[in-house]
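Enquirer: model the structure of this input:
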Amino acid sequence: MPDPGTTAVVIVLPDAAPLLDAASGIDPALVRRGVPAHVSLLYPFVPESALTGQDEKDVRSLAASFPAADLLLEEVVTAAGFVAVTVPGLQATVDAFRAQWPGTRPYGGRFGARPAAHVTIAMGADDPTTAARVRAAIDNLLPLRARAAAVQLVVLTEEGWQSRFTVPLGPDGDRAAAAMEGDQVAPYPGPSGAGAGGLV
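Expert: Numbers count the residues shown, from 1 in each chain. Next comes the predicted model:
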């Protein structure tokens with residue numbers, strides 16, 4: 001369980017929500033309540049206590065260097081109770097964020113130096129029968145098209161994961177983000193007070 005102040009850089013994929021819904025229908029405990037379908041670009045990111053204005057500026061600039069993307073999700077991967085769908089269309093984006101902050105180790109190094117871009121569908125599917133049921137349910141929904149439109153910097157608080165800022169992908173991202181300056185920070189999508197588990 002990560003500590004409050006842990007941060008992450010993610011791309012939320014609302015179009016992939018049906019995949020999580022399918023896993024939740026088999027066992028709600030498999031899906032982290034309050035954490036939407038997303039691809040982690042960097043997790044964990046710089047701790048909130050060490051986060052600088054330059055870090056935030058670099059996140060915004062790097063997001064602006066990649067266009068919004070229409071993605072095709074079609075491959076399920078499983079490993080030790082873990083079920084995910086790969087997102088090769090965002091691999092270059094993930095790699096660029098990791099290269100920008102080489103001192104951060106994706107997932108603390110638990111999955112190697114270069115884990116594939118993915119949406120986590122289920123965690124804790126340790127029973128092979130359950131994992132197989134989740135995989136079959138997901139397979140029935142694939143291929144699935146999803147739109148990647150924005151990057152979020154999120155921080156874990158005592159109330160759960162919350163957005164620090166959102167910046168649209170693409171060259172207009174900085175301008176759009178500047179237009180949003182002064183807006184109240186919206187909570188990370190999901191029920192208030194939920195989703196305090198780690199992001200994967």
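Enquirer: show me the shaky parts of this structure.
Expert: Within the chain, the ranges that satisfy pLDDT under 70 run 173-200.
Enquirer: the strands in this structure, which residues?
Expert: 7-12, 38-42, 69-73, 76-79, 82-86, 118-122, 144-148, 150-157, 160-168 (DSSP state E).
Enquirer: any chance of those strands in CSV, plus mean neighbour count and distance to residue 31?
Expert: Quick note: C-beta positions are derived from backbone N, CA and C, even for glycine. CSV is the format used below for the strands of the chain (neighbours: other CB atoms under 10 Å; distance: least, CB to CB, whole Å):
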stretch, mean neighbour count, distance to residue 31
strand 7-12, 24, 15
strand 38-42, 25, 12
strand 69-73, 18, 16
strand 76-79, 15, 15
strand 82-86, 22, 10
strand 118-122, 25, 6
strand 144-148, 18, 16
strand 150-157, 23, 18
strand 160-168, 20, 14
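Enquirer: so which of those gets nearest residue 103?
Expert: strand 38-42 (10.7 Å; CB to CB).
Enquirer: report the angle between that closest one and strand 160-168.
Expert: With axes from the mean of the first three to the mean of the last three CA atoms, to 10 degrees defining the directions, strand 38-42 sits at 80 degrees from strand 160-168.
Enquirer: can you map out the helices along this structure?
Expert: In the chain, the helices defined using DSSP state H lie at 17-26, 53-64, 91-100, 128-139, 173-180.
Enquirer: so can I have a markdown table of the strands of the chain showing distance to residue 30?
Expert: Shown next, in a markdown table, are the strands of the chain (distance: least, CB to CB, whole Å):
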| stretch | distance to residue 30 |
| --- | --- |
| strand 7-12 | 19 |
| strand 38-42 | 16 |
| strand 69-73 | 18 |
| strand 76-79 | 12 |
| strand 82-86 | 8 |
| strand 118-122 | 4 |
| strand 144-148 | 18 |
| strand 150-157 | 21 |
| strand 160-168 | 18 |
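Enquirer: with residue 130 as the reference, name the closest of the ones you listed.
Expert: Nearest of those (CB to CB): strand 118-122, 8.3 Å.
Enquirer: who's in contact with that closest one?
Expert: 13, 16, 19-20, 22-23, 30-31, 37-39, 73, 76-77, 81-87, 131, 134, 138, 200 (CB atoms under 8 Å, 6 or more residues apart in numbering).
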